[in-house]
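Colleague: The following comprises the amino acid sequence and a computationally predicted model.
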Amino acid sequence: MSSFLLFLIVGLGTGAAYVALAQGVVVVYKATGVISVAQGGIAAWGAFTFAELRKSGDLVLPAGRIHVGSAMWTSLVLGVGVAAVTGLLAHVLVFRQLRSAPALAKVVASVGLMLTLQVATLLRFGEDSRAVDALLPNDLVVVNGVAVASGRLYMAGTAVLLTALLWAYFRFSRLGLATRAAAESDVHASLSGYSPDLLAGSAWLLSSAFSGLMVILASSATGLTSSNYIFYIVPALAVALVGRLRSVGIVCVAGFVLAGIQSELSLLRTKLWWPDWAGPGLADVVPFLVIVVSLFLAGRSLPSRGDEEADRLPQVHRPANRPVVVALASLAGLIAVLTTQGSFRFAVVTSMIMAILGLSYVLLTGFVGQISLAQLAFAGAAGFTLSRLTSGAGVPFPLAVLLSSLASAGLGVLVGIPALRIRGAQLAVVTLAGAVAIEQFVFSNPSLSPPTGNPISDPSLFGIDLGIRRGAELVRLPFAVMVLVLLVVLTVAVGNLLRGYTGRVFLAVRSNERAAAAVGIDLAATKLVAFALSSFVAGTGGCLIGYSRGQLSTASFAVISGLALLAVAYLSGITSVSGAMIAGLSAPLGLANVFFDRVFHFRGDWWLLLSGIGLMITVILNPQGIAGQVRAGNARLVEKIKARRIPSPEVAR
């Protein structure tokens, strides 16, 4: 019993962080309708600012630093202030421009901000874990006969106190009441004399300051790295959804309960009877289950803004699959692999593989409008299955690829089941939580994924060795040609699928689910088919990643890499097959990335940073992406040529 109580109290520090981030999500959603998946990144930037001030006395800016001293209260005020200003800038520069944008655009912009903050934190503060000074008393106290550090009790009390103040703010203050009115309709707030922009800006400021303060307090117990609070947003979203994005009181209780459950799982892992497969990653499955259950129970009754009227989604370009275009593109790919070698040929092959993963986004998000942040996790599931089939069971190529991709399709259907009841930003939350759960419970599980790696046997077909390398040769030509052939086959297959009846059904569901159901389209079957097909394509890409690496590790399919892939897919044009090809070229480790690295010494982290910033700019200014812009330019050129060739009626007379 004493161990149970001890671990329960230990979990209070993490629970305080969950509560802080979840309350930030609730405040932002109340005022703007945006589910801010970047809340952890905003708070982490403030916490790192505080830690660096205490260590060196320097205020770290996005560019440069200023020495201001390391006094405790100065550091605290500046840390909280930096978090608040970061949130305000997010509103002014990004989300203010997306007030009437569709849910897809808001989620993608939030992902872009999350990615930008994570990489910026890594670049400015480094990847080493930081020890953060405790601001609250941390003496040993005895609770029911158990000696515990009092710091976690003070953190929990502070979180409860701030939650009470937040409740009072929304209940009794004029600005809080106006924000609640704006949650129903911006018109209500305007009639009361309040600017919707002012309310939204104040909500971002308040939520970021609240989250930043609590993360500074909690990080003395939980530690501080460039990524831990970024992904604390997943359990924070879970407890926010338990409170239906409304009740700060329920959110507070749910945050501590969730952290307590995860802490008790840590205790259970020390028991001899606990199964080996239920490792540390099991705790990360709990938020995913909480999110799924919460959305299924409350799904359609979750609050939405009364005036929420989305603009049209980015225009879809249905592929033509012209034989001449396919032949020329295939020839260009063949020339690329024939004329390159070493790291540049590897970059060409990586671009082809990433283009396949880009196709999975085109299928699911571009044509069906279902937001998935777990595509790389599906690819990883296929890659790890491939390792078991080839190295463990001796299944030959290409049967091993087919079976692994089918396993990925099955996992995609499982994660996509919530799409039968929810959509938009809520589905993005589910898939993000699913991606984290898959990474931590499967890819990082020593029982399922040995620390020594997951070796994959080289492919061969009809006696031809298709392995990627032999001796000093980094990428052999047969492997590169195999990847090119699979890319062409999948591109043509996806193009034909989207041009036919299935593509029309996908577009009908994307356009208006109620209208699609009214004409007899089975929404459930259509969504599950879309998830299965896109996961199958992603799984094929995951298998090729496995073959290109020789063995797999967790880093091969990290969640942050999946977000980076979404960034380049949307930036390139997520609603067209040509956009997937451009995404392959601009993906991390792709041809453009390697070219800039080799020629201009442009680090990979900077490439990810530009991807995040470019994603936000694309969402705001050019939802069609690069491919859409190119098509628009070509159309204008054709119109100009026609105008010159065809004389006007006045000239003819």
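Modeller: Yep, that arrived.
Colleague: Where does pLDDT dip in the stretch 1-150 of the chain?
Modeller: 1, 143-146 (pLDDT under 70).
Colleague: what's the host helix or strand of M581 packed up against?
Modeller: Following DSSP states H and E, one finds M581 within helix 577-586. Counting contacts by 3 or more C-beta pairs under 8 Å, 6 or more residues apart in numbering; DSSP states H and E, helix 577-586 packs against helix 342-361, helix 477-499, helix 559-572, helix 591-600, helix 625-645. For the C-beta atoms, the positions are set from N, CA and C on the backbone; glycine is no exception.
Colleague: quick one, which of those is nearest to L53?
Modeller: Closest approach to L53 among these (C-beta to C-beta): helix 559-572, 26.4 Å.
Colleague: Check the offset of the closest one from the chain's centre.
Modeller: Relative to the chain's own centre, helix 559-572 is displaced by 8 Å; criterion: C-alpha atoms, centre = their mean, to the nearest Å.
Colleague: Output the contacting helices and strands for it.
Modeller: helix 103-125, helix 342-361, helix 375-387, helix 425-438, helix 577-586, helix 604-621, helix 625-645.
Colleague: what would the ones you listed look like in CSV with mean neighbour count?
Modeller: As requested, the helices and strands packed on helix 559-572 are exported to CSV (neighbours: other C-beta atoms under 10 Å):
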stretch, mean neighbour count
helix 103-125, 24
helix 342-361, 25
helix 375-387, 30
helix 425-438, 26
helix 577-586, 26
helix 604-621, 20
helix 625-645, 13
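Colleague: Which of those sits closest to A90?
Modeller: Taking the helices and strands packed on helix 559-572 one by one with C-beta to C-beta, helix 103-125 is closest: 5.8 Å.
Colleague: Please identify the buried residues of stretch 51-61?
Modeller: Across stretch 51-61, burial judged by 16 or more other C-beta atoms under 10 Å covers A51, E52, L53, R54, G57, D58, L59, V60.
Colleague: now that stretch, how far from the centre of its chain.
Modeller: 29 Å.
Colleague: for stretch 3-23, same thing?
Modeller: Centroid displacement of stretch 3-23 relative to its chain, using C-alpha atoms, centre = their mean, is 25 Å.
Colleague: Next, count neighbours for A38.
Modeller: 30 (other C-beta atoms under 10 Å).
Colleague: who's in contact with it?
Modeller: Residues in contact with A38 (C-beta atoms under 8 Å, 6 or more residues apart in numbering) are A90, S110, V111, L113, M114, L117, I233.
Colleague: Mind doing that once more with 7 Å?
Modeller: The contact partners of A38, by C-beta atoms under 7 Å, 6 or more residues apart in numbering, come to A90, S110, L113, M114, L117.
Colleague: Columns distance to F384 on top of the residues you listed, output as a markdown table?
Modeller: Shown next, in a markdown table, are these (distance: C-beta to C-beta, whole Å):
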| residue | distance to F384 |
| --- | --- |
| A90 | 36 |
| S110 | 29 |
| L113 | 30 |
| M114 | 25 |
| L117 | 29 |
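Colleague: I'd like to know which of those is nearest to S449.
Modeller: Using C-beta to C-beta, these come closest to S449 at M114, 25.5 Å.
Colleague: Let me know the pLDDT of T385.
Modeller: Turning to T385, the model gives it a pLDDT of 90.
Colleague: contacting residues around L136?
Modeller: Counted by C-beta under 7 Å, 6+ apart, L136 has contacts G151, Y154, M155, L217.
Colleague: count of residues packed around D276?
Modeller: 10.
Colleague: contacting residues for it?
Modeller: Contacts of D276 by C-beta under 7 Å, 6+ apart are S447.
Colleague: Can you classify it by secondary structure?
Modeller: Here D276 is coil, with the state taken from DSSP: H, G, I helix; E, B strand; the rest coil.
Colleague: Where does V85 sit, in terms of helix or strand?
Modeller: Going by DSSP H and E, V85 is part of helix 72-93.
Colleague: Please identify which of the helices and strands packed on helix 559-572 is closest to S36.
Modeller: Nearest to S36, of all the helices and strands packed on helix 559-572, is helix 103-125, at 5.7 Å by C-beta to C-beta.
Colleague: Name the residues of stretch 488-497 that come out as buried.
Modeller: V488, L490, T491, V492, V494, G495, L497.
Colleague: got those as a markdown table, with pLDDT columns?
Modeller: Shown next, in a markdown table, are those (pLDDT from 0 to 100):
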| residue | pLDDT |
| --- | --- |
| V488 | 93 |
| L490 | 93 |
| T491 | 92 |
| V492 | 92 |
| V494 | 89 |
| G495 | 88 |
| L497 | 88 |
